[in-house]
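S.K.: What follows is a predicted protein model with its sequence.
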Amino acid sequence: MKNTFGSNITVTLFGESHGEMIGAVIDGLTPGIVIDDDYIREKLALRRPSGTISTARREPDDYRIVSGAFGGFTTGTPLTVLIENTNTKSSDYESLRYTPRPGHADYTAECKYNGYQDRRGGGHFSGRVTAALVAAGAIISSALEASGVMIGTHISSLGGICDRPFACTESDIAILSKKNFPVIDGNAAEKMRKAIEAAAAEGDSVGGILETAVIGLPAGLGEPWFDTVEGVLSHALFSVPGIKGIEFGAGFGFANMRGSEANDPFRFEDGRVVTATNNNGGINGGITNGMPVIFRCAVKPTPSIFKRQDTVDLKSGENTTLELRGRHDPAIIHRARAVVDAVTAIAIADLLASRYGSGCLGD
């Protein structure tokens, strides 16, 4: 029963969707990191639902840091951030006690926790808990940015509609940081929004692919075997609800390449080693090579849909059907962007601390 990630800088999540509050504890942070409240609120706003393409459940996500900070800086002791749940409708879930929702963790939670889990709104498995994850990630991401490490994510594709890939990565990340709907190409963004609205009108949902870039990392992070950069990031990212696949660089595209196409030639540029291409996504042998780390996450369609679905009645032992009611997202991918950025920041900070010590975030 473990809900903690990290080796040197750790993050522990707690709380449930319809509980009193959710939160996170960050341990291992060096003292003296600036707590930028405006920055944290900005990141939480990117995760918050809005408009017709998101759930009608609206939470202010007002957070409180109750330990580990004083006078606007981290103290070096465990930092605890709390976010109150203020807009719950638990009655929407009373009829689901014995009928697990397809695509959700209802059945597996029943198997693991023997019926003692908080079932309301998905409980501890709910995407609601990611608000605490975003707050924790924002504290760390702010410190990374002060050290020159930038993280940005956009919707690479949704419903067969594609955004353009990262070009000038630094400027693209700056653009995305200000967009509630994280798409670089405005025309693609409008088409994606319409695809989400069309699915919602049919009581259905859509998924897509998020592409993330991390720039400013030094060469030499990661280990050659079990703690590779890909392994550490994947370990963290697969905890984000809805992510079912990850690829780095060209990813599965390597299967259709020859070595002469796949290899990234080295060269000197302004006195530093760079590669002419970046098919390997900034990672060789599990270790960063100084180029942008690029990866993509497959986000499945939101499992909460308003169509009749087959399921089982765990009490009677019979097959049955269900039709959901309540407040649900027709797509989570645009909101998941903020969560992916946060988780990436946490994983990158842990990798940096493994090589340089936790004090590297305070420089």
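M.R.: Ah, there it is. Owing to the predicted nature of the structure, the values given are computational and were not obtained by experimental measurement. Numbering: from 1, shown residues only.
S.K.: okay, CA-based contacts and neighbour counts for the rest of this
M.R.: Fine.
S.K.: Now residue 304: closest residue in space that isn't a chain neighbour?
M.R.: residue 328 (6.2 Å; C-alpha to C-alpha, 6 or more residues apart in numbering).
S.K.: Would you agree the one you found falls within a helix?
M.R.: No - counting by DSSP: H, G, I helix; E, B strand; the rest coil, residue 328 is not found in a helix; it is coil.
S.K.: Neighbours of it, how many?
M.R.: Residue 328 is flanked by 20 other residues according to other C-alpha atoms under 10 Å.
S.K.: any idea how far residue 318 is from the residue nearest to residue 107 when sequence neighbours are not counted?
M.R.: What sits nearest to residue 107 in space, not counting adjacent residues and going by C-alpha to C-alpha, 6+ apart, is residue 100, at 5.4 Å. Going from residue 100 to residue 318 by C-alpha to C-alpha, to the nearest Å gives 12 Å.
S.K.: more neighbours, those two?
M.R.: residue 100 (21 against 9).
S.K.: which SS state does that one fall under?
M.R.: Relying on three-state DSSP, one would call residue 100 coil.
S.K.: In contact with it, which residues?
M.R.: Residue 100 sits next to 106-107, 311-313 when contact means C-alpha atoms under 8 Å, 6 or more residues apart in numbering.
S.K.: As a markdown table, those with neighbour count and secondary structure would be great.
M.R.: A markdown table is the format used below for these (neighbours: other C-alpha atoms under 10 Å; DSSP: H, G, I helix; E, B strand; the rest coil):
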| residue | neighbour count | secondary structure |
| --- | --- | --- |
| 106 | 22 | helix |
| 107 | 17 | helix |
| 311 | 16 | strand |
| 312 | 18 | strand |
| 313 | 16 | strand |
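S.K.: right, and out of those residues, which lies closest to residue 304?
M.R.: Of all these, residue 106 has the smallest distance to residue 304: 11.8 Å, by C-alpha to C-alpha.
S.K.: How about the contacts made by the closest one?
M.R.: 100, 119, 122.
S.K.: and residue 332, how many neighbours?
M.R.: 27.
S.K.: how about low-confidence regions in the stretch 1-150 of the chain?
M.R.: 1, 51, 55-57, 88-93 (pLDDT under 70).
S.K.: redo that, cut-off 90
M.R.: 1-2, 17-20, 48-61, 86-99, 101, 103-106, 109, 113-128 (pLDDT under 90).
S.K.: What ranges does it have for its helices?
M.R.: Using DSSP state H, counting those that start in this stretch, the helices of the stretch 1-150 of the chain run over residues 37-47, 106-113, 130-146.
S.K.: what is the mean pLDDT for stretch 325-344?
M.R.: Stretch 325-344 shows a mean pLDDT of 89.
S.K.: nearest residue to residue 166 other than its sequence neighbours?
M.R.: residue 172 (6.6 Å).
S.K.: Need the three-state assignment for the residue lying farthest from the centre of the chain.
M.R.: The outermost residue of the chain relative to its centre, with distances by C-alpha atoms, centre = their mean, is residue 316 at 37.6 Å. Secondary structure for residue 316, judged by three-state DSSP, is coil.
S.K.: Kindly list the longest helix within the protein.
M.R.: In the chain, assigned by DSSP state H, the helix with the most residues is helix 333-356.
S.K.: Can you point out the buried residues in it?
M.R.: Under the neighbour-count criterion of 16 or more other C-alpha atoms under 10 Å, helix 333-356 has 333-354 buried.
S.K.: Mind giving me the packing neighbours of it?
M.R.: Judged by 3 or more C-alpha pairs under 8 Å, 6 or more residues apart in numbering; DSSP states H and E, helix 333-356 is in contact with helix 37-47, helix 130-146, strand 150-158, strand 208-215, helix 229-237.
S.K.: which stretch among the ones you listed comes nearest residue 300?
M.R.: Going by C-alpha to C-alpha, the one of the helices and strands packed on helix 333-356 nearest residue 300 is strand 208-215, 6.6 Å.
S.K.: Tell me the strands beside that closest one, with direction?
M.R.: strand 150-158 (antiparallel), strand 293-299 (antiparallel) (DSSP bridges).
S.K.: okay, these, which one's buried deepest?
M.R.: strand 150-158 (a mean of 25; mean count of other C-alpha atoms under 10 Å).
S.K.: who touches that one?
M.R.: 141, 144, 162-165, 170, 172-174, 176-177, 182-184, 192, 206-216, 333-334, 337-338, 340-341, 344-345.
S.K.: where's residue 313 relative to residue 107, distance?
M.R.: With C-alpha to C-alpha as the criterion, residue 313 and residue 107 are 11 Å apart.
S.K.: er, residue 134 I mean
M.R.: Taking C-alpha to C-alpha as the measure, residue 134 and residue 107 are separated by 27 Å.
S.K.: how far does stretch 352-363 sit from the chain's center?
M.R.: 22 Å (C-alpha atoms, centre = their mean, to the nearest Å).
S.K.: Stretch 206-218 too?
M.R.: On C-alpha atoms, centre = their mean, the centre of stretch 206-218 falls 10 Å from the chain's centre.
S.K.: which outside residues touch that stretch?
M.R.: 148-159, 166, 169-170, 173, 196, 199, 288-302, 330-333, 337, 341.
S.K.: how about that stretch as PDB, C-alpha atoms only?
M.R.: Only the C-alpha atoms of stretch 206-218 are listed here, as PDB (Å, rounded to 0.1, in the frame of the first residue of the first chain):
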ATOM      1  CA  VAL A 206     -11.900  10.800 -27.000                       C
ATOM      2  CA  GLY A 207      -8.200  10.300 -26.300                       C
ATOM      3  CA  GLY A 208      -5.000  11.300 -27.900                       C
ATOM      4  CA  ILE A 209      -1.300  11.700 -27.700                       C
ATOM      5  CA  LEU A 210       0.700  14.200 -25.600                       C
ATOM      6  CA  GLU A 211       4.200  15.200 -26.600                       C
ATOM      7  CA  THR A 212       6.600  16.500 -24.000                       C
ATOM      8  CA  ALA A 213      10.000  18.300 -24.400                       C
ATOM      9  CA  VAL A 214      12.500  18.900 -21.600                       C
ATOM     10  CA  ILE A 215      15.300  21.300 -22.400                       C
ATOM     11  CA  GLY A 216      18.300  22.500 -20.400                       C
ATOM     12  CA  LEU A 217      19.300  19.100 -18.900                       C
ATOM     13  CA  PRO A 218      23.000  18.300 -18.700                       C
END
